[in-house]
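Just the structure for this:
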Amino acid sequence: MKIILVSFLLIISAISCSIVDEDCLCTTEYRYALVTVVDTIGVPVDSLAVTIKDKDGNKLDVQQEPDIFGAGKYIVLNDSFTQMFCSCTKPEKIHFSATDGNRVAIGEFLFNTDECKCHINKVEGPDTLVLR
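Just a heads-up that it's a prediction; the model follows:
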């Protein structure tokens, strides 16, 4: 009888786990995808004007938080943009540019999100861009 009861409990717990797995529970973590912009000799460059565009060329309003992440670091995207992406295998392109008025640093990134749209995922893109 105990074997039947234990087996029944194991089956019920396995079924309930699969139901719970379908629910989305996001963490309180807030993710940022960053890029470091350096000059031609590798020194991080601050105070650049940043433009970020989606795959269709629409500007995205990504608030930069100067000096919070360190010298020359800029936010490409953060979790406030998760609704733009799917969890599918085909990530979306994001275009990043930063300029001091004379020189420019340009990068292309690929992003998607998790199934629950909790966090952005940088699939591809540089960690560092050179201002030329």
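
Just give me the residue right at the centre of the protein.
In the chain, the residue lying closest to the centroid (Cα atoms, centre = their mean) is I120, at 3.3 Å.

ok, and for the helix or strand harbouring S97, which residues are buried?
Here S97, judged by DSSP states H and E, is contained in strand 92-99. By 16 or more other Cβ atoms under 10 Å, the buried positions in strand 92-99 come out as E92, I94, H95, F96, S97, A98. To be clear about C-beta, it is placed using only N, CA and C from the backbone, and glycine gets the same treatment.

Now tabulate these in CSV and tack on pLDDT.
As requested, these are exported to CSV (pLDDT from 0 to 100):
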residue, pLDDT
E92, 96
I94, 98
H95, 98
F96, 98
S97, 98
A98, 98
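
Which strands and helices lie in contact with the strand holding S97?
If you count contacts as 3 or more Cβ pairs under 8 Å, 6 or more residues apart in numbering; DSSP states H and E, strand 92-99 packs onto strand 49-53, strand 73-78, strand 104-113.

okay, the ones you listed, which one's buried deepest?
strand 73-78 (a mean of 21; mean count of other Cβ atoms under 10 Å).

Name the strands paired with that one and say parallel or antiparallel.
strand 32-38 (antiparallel) (DSSP bridges).

By neighbour count, which bits of the strand it pairs with are buried? Give me those.
Buried, per 16+ other Cβ under 10 Å, within strand 32-38: Y32, A33, V35, T36, V37, V38.

Any chance of a markdown table for those residues, columns distance to V50?
What follows is those, written out as a markdown table (distance: Cβ to Cβ, whole Å):
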| residue | distance to V50 |
| --- | --- |
| Y32 | 13 |
| A33 | 13 |
| V35 | 10 |
| T36 | 13 |
| V37 | 9 |
| V38 | 15 |
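
Next one: the nearest residue to T99 once chain neighbours are set aside from L131, what distance?
In space, and not counting its chain neighbours, T99 is closest to A49: 5.4 Å by Cβ to Cβ, 6 or more residues apart in numbering. Using Cβ to Cβ, to the nearest Å, one obtains 12 Å as the distance from A49 to L131.

Touching both of these two, which residues are there?
A98, T99, D100 (Cβ atoms under 8 Å, 6 or more residues apart in numbering).
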